[in-house]
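J.: Sequence below, structure please.
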Amino acid sequence: MKVLLVAVNAKYIHSNLAVYSLKEYAEKYGKNQHEIKIKEYTINQYTEEIVSDIYEEQADIIGFSCYIWNIQQVMEVINDLKSVCPKKDIWVGGPEVSYNAVQVLSDNANIDYVMCGEGEEIFKQFLDNYHDGNLENKDINGLVYREDGQIKANPMMKPVELSRIPFVYKDMKDFENKIIYYETSRGCPFSCSYCLSSIDKRIRFRDLDLVKEELQFFIDNKTAQVKFVDRTFNCNPKHSMEIWKYIKENDNGITNFHFEIAADLMTEEELELISDMRPGLIQLEIGVQSTNEKTLQAIHRKTDIGEIENITRRIWQNKNIHQHLDLIVGLPYEDYSSFRTSFNTVYAMKPDQLQLGFLKVLYGARISEETKAYGIVFSNRPPYEVLKTKWLTFDEVLKLKEIETVVEIYYNSLQFSETIRELEEFFKSPFDMYERLGRYYKKCSIGGVKHSRVNRYVLLLDFIMEELNLTEEESLAWRELLTLDFYLRENAKTRPVFAKKLEEYKENIHKIYTHPKLKQQLESYVNYTAKQIEHMTHIEILKGRYILFDYQNRNALTKAANTMDVTTYLQL
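T.: Residues are numbered from 1 along each chain as shown. Next up is the predicted model:
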């Protein structure tokens, strides 16, 4: 029997750990040897393309992994598949269908089964009992199904011992150019009302000896990035310390490991351990969500904001770890003014990325039962995003969407860092700056206009000139800052319109590149000619100095080119 597991990912670079885990577990522990195949697609592909590709597989059973970002397209695919092959059994699983499974079957006649919660053991037992196109024994925990015109829901399946789940990665060529997801624990100690992870409080850990073997596999294969999906990686210091020690001691100089942590749980021992790690070895995602104490109480989130400020500052001072901090718009008791305070507080922590998320009211999450009490109005379409609350109007939500857009472009991209850092000084607060910039960017994007990378620099310059009421002469310093930002990221051969003309400096630039001592300073270029070095690097004149941009050597965290003042080569 042929079984097809289908994942529809948000982007091509993503992979779906769940379907690989189901396959490996069933193949290792299943009684029957079925042919199990995985097909991964993206939400950017046409439904017709996905349907035709799945149809050509001629599988006997087809299972879909369901999330808020793919559920609509998955349902379209299922409906079309059932139209052309009505006798094939189709099942769905995943967080988007696990907590409203009866409703899913009631609303979708083309779905035959729902697997709720952790799927490995359910899927294995399902295949053990599936013969000749029939599920002979439906008494499988975690399964919801139809029988005699009725929908029946079995009790939830007992969680699997995490160390029993086989390691899914064998040949990394199958995951080339994709983010690798990996887990060493399931469950979460916290009770955040907006999060599905808070439902499972039974935290289980994978055996550390097994984890070290698997980490070594990634290290040996020089995997670019491994993203841990553990919900609160450092909830057990012994577990986190062992893993961080191992990757530090076995660092291959290439692989980056991403962890989601609770900053206020960091121990002194952990801080000491990570303080001198190779820049870029690990990166940390820290969910702050809000700094409003009443909000934090309402969502049952135990967070010490002062301690988070202290820990993130200490990590930032070492300049070796990328920190990604999150805020959520639309939480109880968080009005526009309160969110401004949360934003400014977190911004002052100097995160490498600051993500503004908007509350999503998920099936199964505690907050889905509290929407009336908090006046939370949300879209009935996935991803069920907040529209307004008792404290936040829809107009204000739209304003925060504008701010989210420009924070993503002008802060999180790290392409405008020098200019933005200077510009902040002219506004009452960072929030006020992004609020004004968001309004301006929207005005310049009427009709769905998409701005190119270069255009975004020009737009920022126009905003600065208008906001600060500058003359052309007064704008020269800002043009230089934008030029600096521009060339820090890219050795562009087409010069941006805001940059000064270089014709009068060409002779001096040539003199620098042909100076015999320059190559001694540029150790990465010893085997190249002066002409080749000139092509591979860039020299810009900033504040009267000649600055060389070295693109072979970049900052491990920001990816900005290293720079050096080479003005002295004109005087030697």
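J.: Quick check: residue 301 touching residue 190?
T.: Yes - counting by Cβ atoms under 8 Å, residue 301 touches residue 190, with 6.6 Å between them. Where you see a C-beta, it was placed from the backbone N, CA and C, and this is true even at glycine.
J.: show me what contacts residue 487?
T.: Counting by Cβ atoms under 8 Å, 6 or more residues apart in numbering, residue 487 touches 538, 540, 549, 561.
J.: hang on, the second one packs against residue 483?
T.: Yes - the criterion here is Cβ under 8 Å, and residue 540 meets it with residue 483 at 6.2 Å.
J.: list residues touching both of those two?
T.: Common neighbours of residue 540 and residue 483 (criterion: Cβ under 8 Å, 6+ apart): residue 499.
J.: Identify the residues contacting the host helix or strand of residue 422?
T.: Here residue 422, judged by DSSP states H and E, is contained in helix 417-423. Contacts with helix 417-423, where a contact means Cβ under 8 Å, 6+ apart, come from 410-411, 433, 460, 464, 478, 481-482, 484-485, 488, 558, 560.
J.: Please identify which of those is nearest to residue 570.
T.: The closest of the contacts of helix 417-423 to residue 570 turns out to be residue 484 (Cβ to Cβ; 20.0 Å).
J.: host element of the closest one?
T.: Assessed by DSSP H and E, residue 484 sits inside helix 476-489.
J.: and the two most separated of the contacts of residue 487?
T.: Maximum pairwise distance in the contacts of residue 487, criterion Cβ to Cβ, is 10.8 Å, between 540 and 561.
J.: re earlier: let's see the helix holding residue 484 as PDB, backbone CA atoms only.
T.: These are the backbone C-alpha positions of helix 476-489, laid out as PDB (Å, rounded to 0.1, in the frame of the first residue of the first chain):
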ATOM      1  CA  LEU A 476      24.600  66.000   2.300                       C
ATOM      2  CA  ALA A 477      25.400  64.300   5.700                       C
ATOM      3  CA  TRP A 478      22.300  62.100   5.400                       C
ATOM      4  CA  ARG A 479      23.200  61.200   1.800                       C
ATOM      5  CA  GLU A 480      26.600  60.000   3.100                       C
ATOM      6  CA  LEU A 481      25.000  58.000   5.800                       C
ATOM      7  CA  LEU A 482      22.700  56.300   3.300                       C
ATOM      8  CA  THR A 483      25.600  55.700   1.000                       C
ATOM      9  CA  LEU A 484      27.500  54.000   3.900                       C
ATOM     10  CA  ASP A 485      24.500  51.800   4.600                       C
ATOM     11  CA  PHE A 486      24.000  51.000   1.000                       C
ATOM     12  CA  TYR A 487      27.600  49.800   0.400                       C
ATOM     13  CA  LEU A 488      27.900  48.000   3.700                       C
ATOM     14  CA  ARG A 489      25.400  45.500   2.300                       C
END
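J.: May I have stretch 240-251 as CSV, with CA atoms only?
T.: Output in CSV follows, covering the C-alpha atoms of stretch 240-251 (Å, rounded to 0.1, in the frame of the first residue of the first chain):
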residue,chain,number,x,y,z
SER,A,240,20.4,23.6,27.7
MET,A,241,23.9,23.8,29.2
GLU,A,242,24.8,20.3,27.9
ILE,A,243,23.7,21.2,24.4
TRP,A,244,25.3,24.6,24.4
LYS,A,245,28.6,23.2,25.7
TYR,A,246,28.6,20.5,23.0
ILE,A,247,28.0,22.9,20.1
LYS,A,248,30.6,25.3,21.5
GLU,A,249,33.2,22.6,21.9
ASN,A,250,32.5,21.1,18.5
ASP,A,251,31.9,24.3,16.5
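J.: Phi first, then psi, for residue 49.
T.: phi -60, psi -40 (degrees, to the nearest 10).
J.: which residues does it contact?
T.: Here residue 49 is in contact with residue 41 (Cβ under 8 Å, 6+ apart).
J.: roughly how far apart are it and residue 315?
T.: Taking Cβ to Cβ, to the nearest Å as the criterion, residue 49 is separated from residue 315 by 44 Å.
J.: got it, and residue 203?
T.: 24 Å.
J.: and the two? which has more neighbours close in?
T.: A count of neighbours by other Cβ atoms under 10 Å puts residue 315 above the other of residue 203 and residue 315, at 22 against 17.
J.: And the contacts of the helix or strand containing that one?
T.: Assigned by DSSP H and E, residue 315 belongs to helix 305-317. Residues outside helix 305-317 that contact it (Cβ under 8 Å, 6+ apart): 263-264, 266, 271, 274, 284, 286, 288, 291, 293, 321, 323, 325, 345, 348-351.
J.: 6 Å - rerun?
T.: Helix 305-317 has contacts (Cβ atoms under 6 Å, 6 or more residues apart in numbering) with 263, 264, 266, 291, 321, 323, 349, 350.
J.: Buried residues, it. List them.
T.: For helix 305-317, burial by neighbour count (16 or more other Cβ atoms under 10 Å) applies to 305, 308, 309, 311, 312, 315.
J.: Output those as a markdown table; include the columns pLDDT and distance to residue 85.
T.: What follows is the buried residues of helix 305-317, written out as a markdown table (pLDDT from 0 to 100; distance: Cβ to Cβ, whole Å):
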| residue | pLDDT | distance to residue 85 |
| --- | --- | --- |
| 305 | 95 | 55 |
| 308 | 97 | 53 |
| 309 | 97 | 57 |
| 311 | 97 | 55 |
| 312 | 97 | 53 |
| 315 | 97 | 54 |
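J.: low-scoring pLDDT stretches of this protein, where are they?
T.: Scanning the chain for pLDDT under 70 picks out 201, 572.
J.: ok, which stretches of the stretch 351-500 of the chain are helices?
T.: Remark: helices assigned in the stretch 351-500 of the chain by DSSP state H, counting those that start in this stretch are 371-374, 394-407, 417-423, 430-443, 453-467, 476-489.
J.: These into TSV, with extra columns for distance to residue 144?
T.: Below are the helices of the stretch 351-500 of the chain laid out as TSV (distance: least, Cβ to Cβ, whole Å):
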stretch	distance to residue 144
helix 371-374	25
helix 394-407	35
helix 417-423	50
helix 430-443	44
helix 453-467	48
helix 476-489	50
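J.: so which of those helices gets nearest residue 217?
T.: With Cβ to Cβ as the measure, helix 476-489 is the member of these nearest residue 217 (33.1 Å).
J.: Buried residues, whichever helix or strand comes after that closest one. List them.
T.: Using DSSP H and E, the helix or strand that follows helix 476-489 in sequence is helix 506-514. In terms of neighbour count (16+ other Cβ under 10 Å), helix 506-514 has its buried residues at 508, 509, 512, 513.
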